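>>> Below: sequence and its predicted model.
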Amino acid sequence: QVQLVESGGGLVQPGGSLRLSCVASGFTFSSYLLTWYRQGPGKERELVADISSDGSITNYADSVKGRYTISRDNAKNSLYLQMNSLKPEDTAVYYCFVRRLGTLYWGQGTQVTVSS
């Protein structure tokens with residue numbers, strides 16, 4: 001079965017950096033577009049960034065452009081999100097997501113808290 005397991009979240013001061021990882025299993029990782037979403041306290045879940053199956057095309061929410069970088073390693077079935085210049089408003093649970101054969105799959109999420 002499809003599994004997505006995120007890691008790398010934590011508490012960081014404003015201006016700091018974190019790198020999130022998502023390890024996938026149960027499907028042909030290299031064939032699918034992958035996405036990071038986040039959900040802040042009291043907010044709706046929003047798309048953060050996505051990346052094409054071969055990694056050549058990326059897309060970012062305006063709120064993170066220039067600060068976040070999405071990448072993937074198809075040999076390791078892994079998706080990454082490098083987050084720099086973090087702001088308090090980046091505080092959220094971050095989720096890895098894939099849509100496969102019409103079914104939506106989410107990881108369990110990893111908490112990112114940006115606070116001094």
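Yes, it's here.
>>> okay, CA-based contacts and neighbour counts for the rest of this
Fine.
>>> Confirm V5 sits in a strand?
Yes - under DSSP: H, G, I helix; E, B strand; the rest coil, V5 sits within a strand.
>>> how deep is the nearest residue to L86 once chain neighbours are set aside tucked in, by neighbour count?
Of all residues not flanking L86 in the chain, G15 sits nearest, at 4.8 Å (CA to CA, 6 or more residues apart in numbering). For G15, the neighbour count with other CA atoms under 10 Å is 14.
>>> Got the phi and psi for G15?
G15 has phi and psi values of phi 90, psi -10 when expressed as degrees, to the nearest 10.
>>> Is it correct that it is in contact with D90?
No - in this structure G15 lies outside contact range of D90 using CA atoms under 8 Å: 10.9 Å.
>>> can you map out the strands along this protein?
With DSSP state E as the criterion, the chain has strands at 3-7, 10-12, 18-25, 34-39, 46-51, 58-60, 68-73, 78-83, 92-100, 103-106, 110-114.
>>> Any chance of the ones you listed in JSON lines with mean pLDDT as columns?
Formatted as JSON lines, the strands of the chain follow (pLDDT from 0 to 100):
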{"stretch": "strand 3-7", "mean pLDDT": "98"}
{"stretch": "strand 10-12", "mean pLDDT": "98"}
{"stretch": "strand 18-25", "mean pLDDT": "98"}
{"stretch": "strand 34-39", "mean pLDDT": "98"}
{"stretch": "strand 46-51", "mean pLDDT": "98"}
{"stretch": "strand 58-60", "mean pLDDT": "98"}
{"stretch": "strand 68-73", "mean pLDDT": "98"}
{"stretch": "strand 78-83", "mean pLDDT": "98"}
{"stretch": "strand 92-100", "mean pLDDT": "97"}
{"stretch": "strand 103-106", "mean pLDDT": "96"}
{"stretch": "strand 110-114", "mean pLDDT": "98"}
